[in-house]
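1. 3D model of this:
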Amino acid sequence: GGFVPAPNPDAGYGGPSGDVTIINYGSLTTNADSSAAIVALSVGGGGGDAGRQSAVGQYGANGGPGADGGLVTVKNTGTIYTLSTSSVGIEAISVVFVGGTGGLDASAFLGGGGAGGGGGAGGNVEAINTGYICTGGTCSTSMAANAGAGWAPGIFAQSVGGGGGGGCLESTSAAIIADS
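-> Sure thing, here's the model as predicted:
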C-alpha cells in the first residue's frame, strides 16, 4: 500500500431558516421615508468557513453548505397606506447567505485545498392582496400616485439563493538541505 492523504472534517452547515406567515385584516399606515407597512423576511444561514491545515498529508477541509430559505407568505385583506417617499406596502423576501470557503492546505506536500460549500436555495414567496394598498403619498382612488414618491411599489416579493463558497488552493513549500 501507498500513502493516502487524509481529509480534514468539513466546516459546519448553515442554519435553516423558518417559514414566515403574516396576515393583515386591519389598517396599516406609515409616515416615514423608506418605510414598509409589512416586512416578512426568512433568512437562511451561510455555510461555515473551513480553517487552515498544515499537517503533512492532509487535504484542506471543505466549506459548509448554505441552508435553504423558508417559505414566506403575506396575505392582505385590509388597507395599507404608505404616505412618504420610497415606501413599500408589502415586502416579502426569502434569502440565503453563501456557502463557506474551502480550507487552505499549507503543508509541505501531499495534500490539497478544500472545496467551497454550495449555496442554498431561496424559498418560495407569495404575496396575496385582496385588500387595498396605496403607496406614494396620494392615497385616493381619484388621484394618481405622487410623482415625487420615488420607488414605492405596493408589493415587493423576492427569493434569492446563496452563491457557492470559494475553494482554496494548496500552498506548498519545501526546502532541501544538503550536507557536502
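2. what about A37, distance to V95?
-> Distance of A37 to V95, given as CB to CB, to the nearest Å: 20 Å. (Each C-beta comes from the backbone N, C-alpha and C, glycine too.)
3. Give me the more crowded residue out of those two.
-> A37 (23 against 20; other CB atoms under 10 Å).
4. ok now do the more buried one, which residues does it touch?
-> Taking CB atoms under 8 Å, 6 or more residues apart in numbering, we find A37 in contact with 28-30, 80-82, 87-90.
5. Which pLDDT does the model give it?
-> Per-residue pLDDT puts A37 at 91.
6. so where do the strands sit in this structure?
-> Under the criterion DSSP state E, strands of the chain are mapped to 6-7, 20-24, 27-30, 36-44, 58-59, 72-76, 79-82, 88-96, 125-129, 132-135, 155-160.
7. Nearest to Y13, out of the ones you listed?
-> In terms of CB to CB, the element of those nearest to Y13 is strand 36-44, at 10.4 Å.
8. The closest one: partners in the sheet, and parallel or antiparallel?
-> strand 88-96 (parallel) (DSSP bridges).
9. residue ranges with poor pLDDT in the protein?
-> 1-9, 51-59, 105-113, 137-150, 168-180 (pLDDT under 70).
10. Which strand residues bridge the residue nearest the centre of it?
-> Centre of the chain computed as the mean C-alpha position; nearest residue by CA atoms, centre = their mean is V96, 2.4 Å away. Beta bridges link V96 to G44 when assigned by DSSP bridges.
11. give the contact list for it.
-> Taking CB under 8 Å, 6+ apart as the test, what V96 contacts is 14, 17, 43-44, 46, 66-69, 119-122, 160-162.
12. For C134, see how far away it is.
-> Note on V96: its distance to C134, by CB to CB, is 32 Å.
13. quick one on the thing from earlier: and the residue nearest to the centre of the chain, how far is that from G114?
-> 21 Å.
14. E126 too?
-> Taken as CB to CB, the span from E126 to G114 is 38 Å.
15. repeat for E91
-> Counting by CB to CB - E91 and G114 are separated by 37 Å.
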